[in-house]
Structure formats: structure tokens, C-alpha cells
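J.: sequence first, then the predicted structure:
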Amino acid sequence: MPRPDHNPNHNVERHPPRFDPPTPWRNARGVTLLEMLITVTLILVLASVALPLSRLSEKRQKESVLRATLIEMRNAIDAFKADWDAKRISTVESDADIVNVNTGYPASLQALVEGAPLANSPNKKRIKYLRRIPMDPITRSTEWGTRCYKDGPDVLISCGEDVYDVFTRDDQTGLNGVPYREW
């Protein structure tokens with residue numbers, strides 16, 4: 001039993017409680033290294049998934065532009081040929097650089113831009129089929145492969161007499177498994 005006259009706190013000095021002003025960092029919880037590594041790993045995984053999808057989307061867009069460009073140029077070639085067959089294009093000898101008089105196809109892609117002279121036009125008006133030679137979205141060039149009327153479908157070097165068909169000069173294969181040159 002404790003002695004009645006003994007106070008255990010008698011010799012203990014009492015100090016007022018210490019006042020610490022609140023600081024934003026004192027009670028803030030820090031980010032651990034493990035949390036940081038998990039976050040970085042998740043970001044890398046998401047980026048590795050998104051990057052191929054963006055490349056696929058970019059390739060799909062280029063292919064769409066290539067299809068539209070080939071259609072535009074082939075329609076211009078067909079319109080030129082139709083005008084030749086309908087005798088709307090002049091057959092003057094000096095226009096041999098515009099048209100192959102044996103086939104009725106344009107002599108070059110540039111002939112579609114410069115236009116062909118209208119037959120029976122006193123002021124030498126020209127029919128233009130393209131505003132400019134379009135850029136190939138795959139090669140990023142205005143240089144296209146062409147085929148002559150007498151060339152086969154697999155020929156990569158034209159005979160140079162006329163332009164019967166156009167194709168891209170790129171060796172890649174499209175998303176559909178067909179090489180771009182065969183489009």
C-alpha cells in the first residue's frame with residue numbers, strides 16, 4: 001500500500017504544453033516509392049497500348065486518302081479518254097505532247113493538268129482534268145507510277161507512250177494484305 005503522505009508526482013516538474021503551429025507538410029502523407037513505381041508502370045502500359053493504335057489509325061487514314069486520290073486521277077484519265085472518243089479534243093499535230101493519237105489516252109499526268117485543246121474552238125480553249133498532280137500520301141511525293149495502254153497489269157515501268165493507269169511507287173502492303181502498287 002502506498003503511503004498516504006507520498007505523492008508520486010510531487011517532484012515532477014510541470015511544463016505547459018508545447019505549441020506547434022500547424023504546417024501543411026507536417027500532417028501530409030507522402031508518396032512512397034512503391035506507389036510511384038506502380039503509377040509509372042500503369043502509364044507505360046497504357047502508352048504501349050495507345051501507340052500501336054495511333055499508328056494503325058494513321059495508316060488507315062493514309063490508305064483512305066490514297067484510295068480517293070487514285071479514284072480522282074483514274075476518273076480524270078477516263079474523262080480525257082471519253083472526250084477523245086467523243087472528238088471533243090483537237091487532233092492537231094502540235095498537241096502530240098498532250099495526247100497519244102493512237103490510243104486517245106493522255107501523254108502524261110501533266111497533260112491532265114495543262115488540259116487538252118477543245119476541238120473547233122476559235123480561241124483555243126482547253127479542258128483541264130486536274131488542278132494539279134495530287135500528292136501520294138504514302139510516298140509524300142507527286143511522282144506516281146504509270147502504265148501504258150499496251151502494258152500488262154503487273155508492269156512497274158511504263159512504256160512512256162501514254163497514261164492508261166496510275167499507281168503508287170511504294171513497296172508496302174496495305175492493311176487489307178494487298179500491296180499498294182496493285183490498288
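T.: Arrived safely, thanks for sending.
J.: just to check, residue 165 is in contact with residue 152?
T.: No - with contact defined as C-beta atoms under 8 Å, residue 165 does not reach residue 152; the gap is 10.8 Å. Placement of C-beta: from N, CA and C, glycine included.
J.: helices along this structure, start to end?
T.: Here the chain has its helices, by DSSP state H, at 33-85, 109-114.
J.: who wins for proximity to residue 138 among these?
T.: Closest to residue 138 of the helices of the chain, according to C-beta to C-beta: helix 33-85, at 5.8 Å.
J.: chain center to that closest one, what's the gap?
T.: Remark: helix 33-85 is offset 5 Å from the chain centroid, using C-alpha atoms, centre = their mean, to the nearest Å.
J.: check stretch 106-122 too.
T.: The chain centre lies 32 Å from the centre of stretch 106-122; the measure is C-alpha atoms, centre = their mean.
J.: now do the same end-to-end measure for it.
T.: When the termini of stretch 106-122 are compared using C-alpha to C-alpha, to the nearest Å, they are 22 Å apart.
J.: which parts of stretch 105-122 are buried?
T.: When neighbours are counted by 16 or more other C-beta atoms under 10 Å, the buried residues of stretch 105-122 are found to be 105-109, 111-112, 115-118.
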